[in-house]
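In: Next input, structure requested:
(2 chains)
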Amino acid sequence: DAGITQSPRHKVTETGTPVTLRCHQTENHRYMYWYRQDPGHGLRLIHYSYGVKDTDKGEVSDGYSVSRSKTEDFLLTLESATSSQTSVYFCAISGGLTDTQYFGPGTRLTVL
Amino acid sequence: GNSVTQMEGPVTLSEEAFLTINCTYTATGYPSLFWYVQYPGEGLQLLLKATKADDKGSNKGFEATYRKETTSFHLEKGSVQVSDSAVYFCALSGDGATNKLIFGTGTLLAVQP
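Out: The predicted model follows:
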């Protein structure tokens, strides 16, 4: 299994609070991705990174920001959480543009 | 834009039955196609993939053939087991700049003993 961990695994927070989710990899892969999984939508890309300090938006990026200061860590921040951001968040990594993406175990976030 | 359509579930089968989960896609260029599986409470695992037309991906008794003429990548297994119960996602990647994946909505498979 690819070495990907996500923390926390579960989080309950209140509307309006900031939340940061962490993805950590031990594979030294260049590309990292954040997806959210919602019923009826499959997985949708939030943001991705193609190198340290190099990030870009996905299809559902509003309300989210990311940072990548080291190869191994990719942080997803909800500046002011809303109930619509209740979801399961998955991190993925890949070594190259055509390489398979490997997924972390997910973080279940509930915004009350 | 690129998109994936897969059959809605749940699909309920008896053990040893034949499985087909349909997946069709819309894409420009020549995407790679994937099937991922998600077991209860876990993340997604790559089940199989195909990178060009007429390729057949296979793993753990599952197969899927990349059909460009019908823009399809249907998942099949000849004899399902209870342990195959999971959610199955069809996906494509074709964005050469970022390798972004486009997922279908997922199909829940429930296999009964």
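
In: Give the bridge partners for the residue of chain B found nearest chain A, please.
Out: Residue of chain B nearest chain A, by CB to the nearest CB: B:F103 (3.7 Å). Using the backbone N, CA and C atoms, a C-beta is placed for each residue, glycine as well. In this entry, B:F103 is beta-bridged to B:A91, by DSSP bridges.

In: Neighbours of it, how many?
Out: 22 (other CB atoms under 10 Å in any protein chain shown).

In: I'd like to know how far it sits from A:H24.
Out: The spacing between B:F103 and A:H24, counted by CB to CB, to the nearest Å, is 23 Å.

In: Also A:M32?
Out: Taken as CB to CB, the span from A:M32 to A:H24 is 10 Å.

In: These two: which is more packed in?
Out: Remark: of A:M32 and A:H24, A:M32 carries more neighbours, 27 against 17, as counted by other CB under 10 Å.

In: which bits of chain A sit near chain B?
Out: Listed as neighbours of chain B in chain A under the rule CB under 8 Å from any CB of the partner chain: A:31, A:33, A:40-45, A:48, A:50, A:56, A:58, A:90, A:92, A:94, A:96-106.

In: cutoff 7 Å now
Out: A:31, A:40-43, A:45, A:48, A:50, A:58, A:90, A:94, A:97-98, A:100-101, A:103-106 (CB under 7 Å from any CB of the partner chain).

In: Just the buried ones among those residues, please.
Out: Those of the residues of chain A next to chain B that meet the buried threshold are A:31, A:42-43, A:45, A:48, A:50, A:58, A:90, A:94, A:100-101, A:103-106, by 16 or more other CB atoms under 10 Å in any protein chain shown.

In: Stretch B:56-69 and chain A, are they touching?
Out: No: for stretch B:56-69, no contact with chain A is found by CB under 7 Å from any CB; the gap never falls below 11.2 Å.

In: Touching that stretch from outside, list them.
Out: By CB atoms under 7 Å, 6 or more residues apart in numbering or on different chains, the surrounding residues in contact with stretch B:56-69 are B:33, B:35, B:47-50, B:52-55, B:73-78.

In: Show me the strands paired with the helix or strand where B:V37 lies, marking each as parallel or antiparallel.
Out: Here B:V37, judged by DSSP states H and E, is contained in strand B:32-38. Sheet pairing of strand B:32-38 (DSSP bridges) gives strand B:44-50 (antiparallel), strand B:86-93 (antiparallel).
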